[in-house]
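**Q** Got a sequence here, can you model it:
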Amino acid sequence: MSFKDLGLSEPVLQAIHEKGYKEPTAIQKEAIPVILDGRDVVASAQTGTGKTAAFALPVISILQKHSSTRVLVLEPTRELANQVAEQFKMYSAHTDLRIALLYGGVGYGTQREQLMRQPDIIVATPGRLLDFMQQRTVNLHCIEHLILDEVDRMLDMGFFDDVTKIIKACSPTRQTLLFSATMPDSIRRLISWALKNPADISIGVRASPAETIEHCLFPLDPLQRFDFLVALLTQTEFKSLIIFSRTKLDVERIARWLEARNFAAITFHSDRSQKERNEALAGFRSGKYNILVATDLAARGLDISGVSHVINFNVPENPEDYVHRIGRTGRASSTGQAFTIFSADEMDRVLAVEKLIGRKIERRKLEEFPYRSTPLLEEKRSAPRRRNR
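**A** Residues are numbered from 1 along each chain as shown. You can find the predicted model right below:
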């Protein structure tokens with residue numbers, strides 16, 4: 001099947017040809033004809049399956065030319081919003097469609113000017129969009145196509161109420177397209193009232209890491225985490241590496257610890273300004289920094305290729321985040337390694353991850369590291385109880 005067989009418009013097909021795309025991916029084959037037919041869609045698709053094109057290409061084909069604001073795309077983070085807006089611009093290069101990008105962390109002036117130009121497509125994060133709605137700068141009643149992207153991530157970040165307000169402000173006759181890597185109960189409740197008889201599409205959904213990723217656990221005394229991290233980095237031959245930690249405070253501490261030991265590290269988390277986050281990603285992509293220390297903000301959706309290694313400084317609270325984190329390496333058929341540091345008090349989280357992926361994760365010991373106590377390579381089994389005679 002070719003892109004032409006899917007029923008896309010000529011301007012869109014021309015943009016696809018210039019981009020060098022040959023054949024549609026599985027999610028594109030399934031979703032594009034359904035979207036062109038006007039149906040609502042619920043799609044489960046992992047990052048890297050081509051899902052942005054799966055909704056952008058048919059929507060641009062439907063719009064065809066500039067008129068008024070008809071499309072709203074909601075994204076959980078500034079980086080994802082920016083990436084999706086860039087892809088809309090690329091796919092609509094041979095049309096006169098206008099695109100506005102709205103996200104927080106920057107001033108309102110430029111974004112307000114974009115809205116005054118009556119954009120056909122708005123790509124936004126929930127918080128900044130609500131700001132403009134309260135200022136009466138945006139009216140969503142004219143929205144004909146509502147796209148909710150990375151919905152599970154949006155809800156994890158606490159945007160459920162914001163997303164609900166935005167959906168209710170849109171036209172009740174709209175087409176709604178919902179894309180999410182996972183489908184927890186909260187999303188299913190959202191689907192039950194926000195979508196009408198949606199087509200259900202599931203492509204590339206994994207509950208386990210890709211086979212291209214070698215991953216293991218390093219049990220450790222919690223007081224030795226920083227020293228162990230340095231020892232692990234010293235013994236690992238890496239090209240580019242992401243270190244994940246649960247808190248922004250730990251991210252900053254890890255980066256300072258590594259910088260003091262002459263590692264080229266940069267931080268990435270929600271407390272950094274948009275300019276700082278953009279500079280961090282640009283520096284990491286260019287090789288200026290070969291270590292990115294980040295919260296789960298960088299676990300999904302970001303366009304970062306060539307990551308050879310991932311280190312979890314601690315076990316994530318949600319087992320699904322383990323799969324997302326280590327999935328930043330071993331992409332596009334390349335191989336990667338992922339290491340997770342954990343202490344005995346995190347055993348419940350480890351067991352939750354192993355239950356999710358359906359297998360036990362190998363425990364390893366780092367050679368020549370001065371452990372304070374013997375690593376917990378196997379879970380301790382409770383001793384059999386003696387019977388009283």
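
**Q** by contact count, what packs against the helix or strand where residue 353 lies?
**A** Here residue 353 sits within helix 347-357, counting by DSSP states H and E. Applying 3 or more CB pairs under 8 Å, 6 or more residues apart in numbering; DSSP states H and E, one finds that helix 347-357 contacts helix 319-326. Backbone N, C-alpha and C define where each C-beta goes, glycine included.

**Q** about what we covered before: also compute the angle for the helix holding residue 353 relative to helix 319-326, please.
**A** Going by axes from the mean of the first three to the mean of the last three CA atoms, to 10 degrees, helix 347-357 is angled at 80 degrees with respect to helix 319-326.

**Q** Next, the buried residues of helix 347-357.
**A** 349, 350, 352, 353, 357 (16 or more other CB atoms under 10 Å).

**Q** give me the low-pLDDT residue ranges for the stretch 1-150 of the chain?
**A** 46-48 (pLDDT under 70).

**Q** pretty sure residue 19 is touching residue 93, no?
**A** No: counting by CB atoms under 8 Å, residue 19 stays clear of residue 93, with 9.4 Å between them.

**Q** between the two, who's got more neighbours?
**A** Neighbours per residue (other CB atoms under 10 Å) separate residue 19 from residue 93, with residue 93 holding more: 15 against 12.

**Q** Contact partners for the closest residue to the more buried one other than its chain neighbours?
**A** Leaving out its chain neighbours, the residue that sits closest to residue 93 by CB to CB, 6 or more residues apart in numbering is residue 15, at 5.1 Å. Neighbouring residues of residue 15 by CB atoms under 8 Å, 6 or more residues apart in numbering: 90, 91, 92, 93, 94.

**Q** of all these, which comes closest to residue 273?
**A** residue 90 (26.4 Å; CB to CB).

**Q** Validate this expectation: that closest one resides in a helix.
**A** Yes: counting by DSSP: H, G, I helix; E, B strand; the rest coil, residue 90 is found in a helix.

**Q** how many other residues sit next to it?
**A** Using other CB under 10 Å, residue 90 is surrounded by 14 other residues.

**Q** residue contacts, it?
**A** Counting by CB under 8 Å, 6+ apart, residue 90 has contacts 15, 19.

**Q** how about the strands of the stretch 1-150 of the chain, start to end?
**A** 41-45, 71-74, 99-102, 121-124, 145-148 (DSSP state E, counting those that start in this stretch).

**Q** quick one, which of those is nearest to residue 247?
**A** strand 71-74 (26.2 Å).

**Q** now the residue nearest to residue 93: how far from residue 191?
**A** According to CB to CB, to the nearest Å, residue 15 stands 31 Å off from residue 191.

**Q** try residue 273
**A** Applying CB to CB, the value for residue 273 to residue 191 is 35 Å.

**Q** before we move on, what about residue 271?
**A** Residue 271 is 33 Å from residue 191, by CB to CB.

**Q** And those two? Which one has more around it.
**A** Shown here are residue 271 and residue 191; by other CB under 10 Å, residue 191 has more neighbours (19 against 12).

**Q** That one touches residue 197, doesn't it?
**A** No: Residue 191 is beyond contact range of residue 197, at 10.8 Å (criterion: CB under 8 Å).

**Q** Spatially nearest residue to residue 165 (excluding sequence neighbours)?
**A** Nearest one to residue 165, counting by CB to CB, 6+ apart, is residue 130 at 6.7 Å.
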